[in-house]
Structure formats: C-alpha cells, structure tokens
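*Asks:* predicted model, plus sequence, below.
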Amino acid sequence: MKKLMIAVATAGVSASLFAGLYGDTPDAKHAWAVHDWNRPKPVKVEPGAQLGQAPSDAVVLFDGTAESLAKNWCDSKGNPTLWKLGTEGDFYCVPNWKNGGDIYTRGSFGDCQLHLEYRHEADITDDGHGPQMRGNSGVFIMGNYEIQVLESYYTRKDDCRVDNYTDGQAGAVYAENPPMVNPQRKPGEWQTYDIIFHQPVWEGEKLLHPGSVTVLFNGVLVQDHWEMEGLTTHCRRRPLKPHAPKGQLHFQDHGCTVHFRNVWIREIPSRWANTTHSTMSGKEADVMALRLKTAKELLAKIDQSKCDAAQVNAAYEVISYSKDAAVLEPCRKIFAGYLAKLNALDDKGLDAKKGELMGLKRSIDVLKRNNVVNGCALCDKVLSVIEKKGWNKKK
C-alpha cells in the first residue's frame with residue numbers, strides 16, 4: 001500500500017487539505033472514490049478470545065448450558081427438544097431411529113457465518129444398515145441446504161469399513177458436491193465446521209443469483225464458494241425455488257448419536273445487497289443518490305465566505321461526487337473567487353503560492369483523469385502557471 005506523500009510545507013498548508021482527492025473518483029457503479037477518506041469505517045467487532053470462540057456480534061446458539069438449549073432450540077413444532085445435554089459442553093440426539101427428531105433453532109436466519117463443532121462416538125461401528133448410518137446427521141441452513149455430517153475418516157473398503165458415495169460424506173453439499181479433500185479427524189475427536197452461506201436471490205420467479213456456500217472443515221477449505229444447484233434432496237435432483245428470506249437452522253436426527261457444541265451464527269448482508277458500491281450489484285439511481293448526499297454533506301463543511309486553496313480543494317472534492325446544481329453553483333463561486341485572487345498576483349506572488357498550487361494540481365489531475373472537469377477556467381489557470389514556472393519538471 002502506497003503512502004500518500006504531499007509536500008506542502010513551503011505554503012504552510014496542512015497535509016489534510018489535499019487528502020480528499022487521491023484515487024479515482026466515484027462513477028455510476030461506485031458511490032465512493034478509490035481510497036476514499038469519507039467512506040464509512042467498518043463496525044468494530046471483538047473476536048473470540050480463542051480460535052473458534054464467538055465474536056462479539058454473534059448470536060450464541062449453544063454455550064453448553066441447559067438454559068441455552070432451552071432458550072434457542074426446539075423440535076419441529078416449537079416444543080422443547082428431546083435432545084440431551086452431554087458431558088463435554090455438548091448436546092446430542094437420542095439414539096434410535098427418529099426418536100429425538102430434528103432439532104431446530106427458535107430463531108430464523110438468512111445469509112450467515114456459522115460455526116459449530118461435532119463429534120461421533122469413538123467406538124462407532126457399522127451396524128449393518130449401510131454407510132449412511134455411521135454417525136449420520138446434517139446441518140440444514142434455512143431448512144433447505146444441507147452440509148453433510150457423517151463419520152468419514154474411514155471411507156474405503158480397504159479400511160475394512162463400508163464404502164460410501166462421495167456427495168454424501170462429511171463436508172459435502174449433500175447430493176450436489178463432494179468436499180474437495182477429506183480432512184476429518186478420527187471418530188471420538190471433535191470436528192469443526194465454519195460455513196459462509198449466501199442464499200439465492202430471486203426477482204419474483206426469476207433466479208438472479210444462485211447463492212453459494214463456503215465450508216472450512218477442521219480449518220481446511222472443502223467447499224469453495226459452491227453455487228447452489230438445488231434444494232437439499234435425496235436420490236433425485238430438486239430445483240431451486242423461491243422461499244422466505246429467513247429460515248430456521250436445524251440439525252438432523254438420522255437415528256445416530258452425534259454430539260454438537262459451540263454453535264454460533266453471525267447474520268451477514270447478502271452479496272447482492274450492496275447497490276451503492278459494486279460492479280456486480282450497483283444500481284445507478286442508488287449510487288447517484290448517495291453521491292449527492294455525500295456532496296451536500298461535504299459542501300456544508302466549507303466556509304463559503306473564503307475563497308482560498310483549502311476551500312477550492314474541498315469544492316473539488318464536492319464536485320467529484322456530484323455536479324447537481326445544488327452543489328455545483330456554490331462551488332463555482334468558490335472557484336471564481338480564487339481565480340480572481342490568482343489573476344491579481346504578480347510573478348512573485350505566484351511563486352509564494354507554489355505549494356498550494358501544486359497541491360491543487362494533484363486534485364485537478366484526478367478530476368481530469370476521471371472526466372469530472374472540462375473547460376474549467378481555474379483548472380486551466382493553475383496548470384498554466386505550473387507549466388510556465390516549470391514546477392512540474394523533474395530535476
């Protein structure tokens with residue numbers, strides 16, 4: 001990252017004067033300039049004290065306590081879950097086929113970052129019901145998209161274990177895409193999923209964007225922005241279709257004992273919700289509205305009674321956002337006032353202005369490069385003085 005170096009000491013002008021215009025200006029898809037000092041700063045979030053612990057803005061869905069289980073989880077009808085508390089800060093589904101039923105969050109979520117840890121029994125064995133009964137469960141996001149949970153450390157017949165289909169092993173987008181690699185630990189050890197999920201985006205019945213899922217399995221990338229092909233299915237493909245923007249998270253009871261702990265979720269904005277600064281999703285009307293709002297806010301900070309270099313540079317920044325008449329006309333008056341001052345100076349007076357004129361040139365170059373100004377008398381004057389004086393020539 002390059003540092004912004006501005007030599008203005010000779011003119012006694014502060015460096016902050018010329019900080020506004022530096023990178024390319026806003027355009028039809030971007031409400032902010034490149035390296036824009038006015039762009040809002042991200043909200044501060046405190047990370048967990050240790051890797052895998054919930055950050056400060058997460059919703060903690062299970063912290064190992066009975067209170068957390070009762071508050072955040074239920075069965076499919078909203079009744080208290082039949083899943084039980086374990087001895088390692090976990091909860092687990094009651095063994096025996098469909099005895100406990102799936103466990104659902106009481107809250108609903110959309111696009112999200114999800115963290116969870118799960119464990120199979122150390123002595124897990126094939127019970128004669130096939131590969132999908134080796135610690136089978138699943139993480140169902142919004143109730144529609146499953147990341148498979150299964151004992152998949154042993155996956156081949158040469159391990160003296162049953163074989164399995166690859167789009168149904170741990171880390172798979174079930175029935176769609178196998179994990180890229182198999183990083184699962186041995187049975188009895190805790191496994192970790194970190195999932196980034198974006199739901200499909202629809203316009204009525206028209207699919208605009210298919211949505212995606214990224215999965216880190218024990219810290220290893222196994223799903224890399226996989227774009228959804230359908231809703232979770234078994235045996236047959238099931239096309240995507242519109243659904244509510246939020247849905248319950250649930251873990252599957254597949255008749256196997258699987259333990260879960262340290263479950264937390266962060267709701268995140270849709271990748272397509274940014275309509276003011278994105279080549280992919282920017283909407284010109286939204287971009288221009290925000291640019292005008294920013295221009296008016298910057299104009300309000302200018303002391304328009306003065307017509308010195310600081311006000312000129314601030315006005316240049318204003319018109320880089322918008323040339324709406326409401327902001328352009330006051331800026332023109334500032335430009336005209338400063339131009340009159342320059343025209344009144346003799347050669348020695350212009351020499352004394354070298355530092356601030358060179359600083360203004362920096363802004364003018366940005367404006368010209370981005371076709372913001374054309375036929376600007378003040379710009380032409382500043383550039384003409386610099387050219388005649390030879391100030392822009394390298395020594």
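*Replies:* Okay, I see it.
*Asks:* burial count for residue 146?
*Replies:* By the measure other CB atoms under 10 Å, the count of residues near residue 146 is 23. (Each C-beta comes from the backbone N, C-alpha and C, glycine too.)
*Asks:* pretty sure it sits against residue 171.
*Replies:* No - taking CB atoms under 8 Å as the definition, residue 146 is not a contact partner of residue 171, at 11.5 Å.
*Asks:* and residue 368, which helix or strand is it part of?
*Replies:* Using DSSP states H and E, residue 368 maps to helix 354-369.
*Asks:* over to residue 215?
*Replies:* strand 212-217.
*Asks:* any idea of the mean pLDDT in that strand?
*Replies:* Across strand 212-217, pLDDT averages out at 98.
*Asks:* do a quick rundown of the strands in the stretch 51-200 of the chain.
*Replies:* 59-62, 73-74, 84-85, 90-92, 103-109, 112-120, 137-141, 145-149, 191-198 (DSSP state E, counting those that start in this stretch).
*Asks:* winner for burial among those?
*Replies:* Counting by mean count of other CB atoms under 10 Å, strand 145-149 has the highest mean neighbour count of the strands of the stretch 51-200 of the chain, with a mean of 24.
*Asks:* elements contacting that one?
*Replies:* In terms of contacts (3 or more CB pairs under 8 Å, 6 or more residues apart in numbering; DSSP states H and E), strand 145-149 is packed against strand 137-141, strand 191-198, strand 212-217.
*Asks:* could you rerun that using 6 Å?
*Replies:* Helices and strands touching strand 145-149, by 3 or more CB pairs under 6 Å, 6 or more residues apart in numbering; DSSP states H and E, are strand 137-141.
*Asks:* quick one: strands adjacent to the strand holding residue 215?
*Replies:* strand 191-198 (antiparallel), strand 220-227 (antiparallel) (DSSP bridges).
*Asks:* neighbouring strands for the following helix or strand past the last one, and are they parallel or not?
*Replies:* Scanning forward in sequence from strand 220-227, with DSSP H and E defining helices and strands, the next element found is strand 247-251. Paired strands of strand 247-251, with direction, are strand 103-109 (antiparallel), strand 137-141 (antiparallel) (DSSP bridges).
*Asks:* that older thread, run through who's touching the strand holding residue 215.
*Replies:* 171, 183, 194-198, 222-223, 225-227 (CB atoms under 6 Å, 6 or more residues apart in numbering).
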